[in-house]
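[1] Quick check, what structure comes out for this input:
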Amino acid sequence: MMQIIIVGGGGVGAALAKLLSDEKQDVVIIEQDPDKARSLNEELDVMVHTGNGASARALEAAGIRSAEMLIAVTEVDEVNIIACLLAKKYDIHITVARVRNLEYYEGDIVLSNEQLGIDIFINPERVASFEIVKLIKEPDIRDTEYFAKGRIKMFSVVVDAQSRLINQPLHKVQFPQNTMVAAIERANGDFVIPSGDAVIHTSDKLFLIGQRGMFNELGWLVQKKEQKTQTVVILGGGRIGFQLAEMLEANKKNNINIKIIEKSSECCQLIASKLSRTLILQGDATDLSFLRQEEIQNADILVAVTGDDRTNILASVLAKHFGVKKTICEVINQDYYTLFENIGIEHIISPRILTAAQILRLIRKGDIFSFSFLEDGKMEVMELSIPGDARVANKKIQHAGIPSGILIGAILRGDKVITPRGNDYLLPDDHVIIFCSPTLNHHIDRLFASPKDSARAKKNLTNEKYIYQ
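    Numbering: from 1, shown residues only. You can find the predicted model right below:
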């Protein structure tokens, strides 16, 4: 168990506190607003202190002297930076700060991240923008993740009623040799780690993993001819919308037509002065006549990132009504997640969940190189390296004591990608991609980490000084 202080009980802070608490971490929140602090105390199973996290007195009251990590995620960059500076004075091992102003950590900065007292910068909006770019690049598949420096790829597909997979057990399906189904999400929302006898049903979502090149042989599974994205319409010119357009503009090879629809005239003027080849339109993303006038039906992908869940959902539904091929929708309230596949929205993006996954990577024992959630935390996926003294080292998978509900989806040994079977050995320094039910994640440290590892170690910090990739 790790003692963690979170400064800021807003949306990101509360989401992090819940996920970390579910991970059995000892979490304390510092929140300045008394009403919000009271609400957090009632809703979450964590300690909540009312106070200014940028003050030594509040940090002392929250137990800074015995804490191992501080995460500062208030809405004010400078408060987050000061909180981390103070935390370093108490010899906190890992400090994480939410910093939106890129001037603090990009370009010709005056103060280094060490001088600012920050080990890791996080920018949830930037994380979300990168994730959306990834979805735009591969619009015909979902949940794309890369591991082992791009050698291993995971994606998901939904089985439609015409698929030849219907009612077939997995062991009878001829997937490419280096590819396997690592997880299945059933139509009722259940997540399963499948055996070879698992039968595929209509509307199942299959999560496949394997050597990157092997996925060229899976076009029959997607059953749709890949179409190049020509036009992307972004609803909302805020932080995510602007940064997304900026990233798309930076890739000169894609030749994508980019439009931003933004309600605020002031915001339109601001982003128009910073973007060079994006068409900025002032208007209401939920106005039917406006959408018809702007020929929204000609868009290949619509991205709804207005910052308001209801606006994003309604605009996405309207876009599908007009015939937009793909929709990507930012959602903050996790209660809405169960609605999406029923109303035809293909992709949802949660900056909070994406950020939480990166932070969870830091608190796990061992060398974890990547960490992500599938379907709002129903499944965890991580890439880690096996130390020589781990319990599973030098054992066959079938004899390693790995419980049901944890699956090794791929092994990278040197430059060789292995699709694991029960007789395969787990060797020291292997990189393994693990699918794990959240209720079983405590077994990961027990089996795959060195007994000498301490959660206090900063070994999970990478050379990157910020997290948004």
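[2] Now do the same contact list for the nearest residue to F207 once chain neighbours are set aside.
    Nearest non-adjacent residue to F207, counting by C-beta to C-beta, 6 or more residues apart in numbering: A183, 4.2 Å away. Any C-beta I mention is one placed from the backbone N, CA and C, and that applies to glycine too. A183 sits next to 191-194, 206-207, 374, 379, 407, 435 when contact means C-beta atoms under 8 Å, 6 or more residues apart in numbering.
[3] With just CA atoms, put the strand or helix carrying A183 into PDB.
    Per DSSP states H and E, A183 falls inside strand 179-185. The C-alpha trace of strand 179-185 is given here as PDB (Å, rounded to 0.1, in the frame of the first residue of the first chain):
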ATOM      1  CA  THR A 179      -2.600 -13.300 -33.000                       C
ATOM      2  CA  MET A 180      -5.000 -14.200 -30.200                       C
ATOM      3  CA  VAL A 181      -8.300 -13.000 -28.600                       C
ATOM      4  CA  ALA A 182      -7.200 -11.700 -25.200                       C
ATOM      5  CA  ALA A 183     -10.600 -10.600 -23.900                       C
ATOM      6  CA  ILE A 184     -14.300 -10.400 -24.900                       C
ATOM      7  CA  GLU A 185     -16.800  -7.900 -23.800                       C
END
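[4] How far off centre is it?
    19 Å (C-alpha atoms, centre = their mean, to the nearest Å).
[5] now it: mean pLDDT?
    Strand 179-185 comes out with an average pLDDT of 89.
[6] Same check on stretch 352-371?
    Rounded mean pLDDT across stretch 352-371 is 76.
[7] mind checking how far it is from the chain centre?
    10 Å.
[8] What of stretch 371-388?
    Centre to centre, stretch against its chain (C-alpha atoms, centre = their mean), the figure for stretch 371-388 is 11 Å.
[9] ok, the residue nearest the centre of the chain to A128 distance?
    The C-alpha lying nearest the average C-alpha coordinate of the chain belongs to L354 (C-alpha atoms, centre = their mean; 2.8 Å). Distance, L354 to A128, by C-beta to C-beta, to the nearest Å: 6 Å.
[10] cool, and E294?
    24 Å.
[11] rewinding a little: and the contacts of A183 as CSV, adding neighbour count and distance to S55?
    As requested, these are exported to CSV (neighbours: other C-beta atoms under 10 Å; distance: C-beta to C-beta, whole Å):
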residue, neighbour count, distance to S55
F191, 18, 43
V192, 14, 48
I193, 20, 47
P194, 20, 52
L206, 22, 51
F207, 26, 45
L374, 20, 39
M379, 22, 40
L407, 23, 46
F435, 21, 43
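[12] Straight-line length of stretch 101-118, end to end?
    14 Å (C-alpha to C-alpha, to the nearest Å).
[13] Average pLDDT for it, rounded please.
    pLDDT averaged over stretch 101-118 gives 72.
[14] Could I get the full set of helices for the stretch 351-469 of the chain?
    351-363, 442-448 (DSSP state H, counting those that start in this stretch).
[15] Contacts for the first one, please.
    The contact list for helix 351-363 (C-beta under 8 Å, 6+ apart) reads 2, 4, 11-12, 15-16, 19-20, 23, 25, 69, 71, 94, 96, 98, 120, 122, 124-125, 127-128, 131, 240, 330, 332, 334, 368, 370-373, 376-377, 382, 455, 460-461, 467.
[16] Separate out the buried members of the residues you listed.
    2, 4, 12, 15-16, 19-20, 23, 25, 69, 71, 94, 96, 98, 120, 122, 124-125, 127-128, 131, 240, 330, 332, 368, 370-373, 377, 382, 455, 460, 467 (16 or more other C-beta atoms under 10 Å).
[17] Just the residues you listed: which are in strands?
    Counting by DSSP state E, the buried ones among the contacts of helix 351-363 place 4, 69, 71, 94, 96, 98, 120, 122, 330, 368, 370-373, 382, 467 in strands.
[18] and which of these is nearest to A400?
    The closest of those to A400 turns out to be M382 (C-beta to C-beta; 16.5 Å).
[19] For beta bridges, what are the partners of the closest one?
    F371, I434 (DSSP bridges).
[20] Could you pull up the contacting residues of it?
    Applying C-beta under 8 Å, 6+ apart, the residues near M382 are 361, 364, 368, 370-372, 433-434, 436, 444.
[21] What of I411?
    417-418, 420, 424, 426, 430-433.
[22] out of these, who has the most neighbours?
    Neighbour counts for the contacts of I411 (other C-beta atoms under 10 Å) peak at I433, which has 26 neighbours.
[23] Including distance to L281, could the helices of the stretch 351-469 of the chain go into a markdown table?
    Listed next are those as a markdown table, based on distance: least, C-beta to C-beta, whole Å:
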| stretch | distance to L281 |
| --- | --- |
| helix 351-363 | 24 |
| helix 442-448 | 48 |
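[24] Out of those, which gets nearest to K172?
    Comparing the helices of the stretch 351-469 of the chain under C-beta to C-beta, the one sitting nearest is helix 442-448, at 30.5 Å.
[25] Could you tell me the average pLDDT over that closest one, please?
    89.
[26] For that helix, name the packing helices and strands.
    Where contact means 3 or more C-beta pairs under 8 Å, 6 or more residues apart in numbering; DSSP states H and E, helix 442-448 is packed against strand 379-385, strand 431-436.
[27] Take the ones you listed and lay them out in CSV including distance to N255.
    Converted to CSV, the helices and strands packed on helix 442-448 look like this (distance: least, C-beta to C-beta, whole Å):
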stretch, distance to N255
strand 379-385, 33
strand 431-436, 34
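[28] Same list (these) but as CSV, adding mean pLDDT and distance to L116.
    Formatted as CSV, these follow (pLDDT from 0 to 100; distance: least, C-beta to C-beta, whole Å):
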stretch, mean pLDDT, distance to L116
strand 379-385, 90, 29
strand 431-436, 93, 32
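[29] can you tell which of those is closest to T144?
    Set against T144 and scored by C-beta to C-beta, the helices and strands packed on helix 442-448 come closest in strand 379-385, at 11.9 Å.
[30] how far off strand 179-185 does that closest one point, in degrees?
    Calculated by axes from the mean of the first three to the mean of the last three C-alpha atoms, to 10 degrees, strand 379-385 forms an angle of 140 degrees with strand 179-185.
[31] right, so the helices of the stretch 351-469 of the chain: which one is the most enclosed?
    helix 351-363 (a mean of 22; mean count of other C-beta atoms under 10 Å).
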